[in-house]
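Trainee: pasting the structure only:
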């Protein structure tokens with residue numbers, strides 16, 4: 001495992017590298033509606049984030065993070081509710 005040696009500031013907007021829609025939860029139970037999940041890459045950063053999406057997306061779309069209310073944030077990746085397409 002590599003060690004984090006440098007923090008790289010990035011913008012809130014990224015690009016969908018690939019995506020899928022999940023129709024069942026992790027236990028195989030059918031979801032009431034599909035949940036989108038995308039790999040989002042950010043300019044200037046290595047790798048990317050895999051996270052839920054809102055609305056219809058496709059490869060190459062520009063997306064931005066939608067954060068929880070400030071009072072509900074804890075400083076973790078879960079502060080991001082989802083990514084949604086930039087209008």
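Mentor: All right, it came through fine. Model, not experiment: these values are computed from the prediction.
Trainee: what about this protein, any weak spots by pLDDT?
Mentor: 1 (pLDDT under 70).
Trainee: Report the central residue of it.
Mentor: Central residue of the chain (CA atoms, centre = their mean): residue 51, 3.1 Å from the mean position.
Trainee: Got the phi and psi for the nearest residue to residue 34 once chain neighbours are set aside?
Mentor: Of all residues not flanking residue 34 in the chain, residue 21 sits nearest, at 4.2 Å (CB to CB, 6 or more residues apart in numbering). (C-beta placed from N, C-alpha, C; glycine too.) The phi/psi pair for residue 21 (degrees, to the nearest 10) reads phi -120, psi 130.
Trainee: follow-up on the earlier one: tell me who's in contact with the residue nearest to the centre of the chain.
Mentor: Neighbouring residues of residue 51 by CB atoms under 8 Å, 6 or more residues apart in numbering: 37, 38, 40, 65, 77, 80, 82, 83.
Trainee: And the one helix or strand it maps to, what's buried?
Mentor: Assessed by DSSP states H and E, residue 51 sits inside strand 48-54. Of the residues in strand 48-54, 48, 51, 53 count as buried by neighbour count, 16 or more other CB atoms under 10 Å.
Trainee: Strands of the protein, residue ranges please.
Mentor: Along the chain, counting by DSSP state E, strands occupy 13-24, 30-41, 48-54, 62-67, 80-85.
Trainee: Out of the ones you listed, indicate the one that is most buried.
Mentor: strand 80-85 (a mean of 18; mean count of other CB atoms under 10 Å).
Trainee: now that strand against strand 13-24, angle please.
Mentor: 110 degrees (axes from the mean of the first three to the mean of the last three CA atoms, to 10 degrees).
Trainee: could you check the distance from residue 23 over to residue 32?
Mentor: 10 Å (CB to CB, to the nearest Å).
Trainee: how close does the closest residue to residue 41 other than its chain neighbours get to residue 19?
Mentor: Nearest non-adjacent residue to residue 41, counting by CB to CB, 6+ apart: residue 48, 4.0 Å away. According to CB to CB, residue 48 stands 12 Å off from residue 19.
Trainee: Tell me which strands the strand holding residue 51 pairs with, and in which orientation.
Mentor: Sheet pairing of strand 48-54 (DSSP bridges) gives strand 30-41 (antiparallel), strand 80-85 (parallel).
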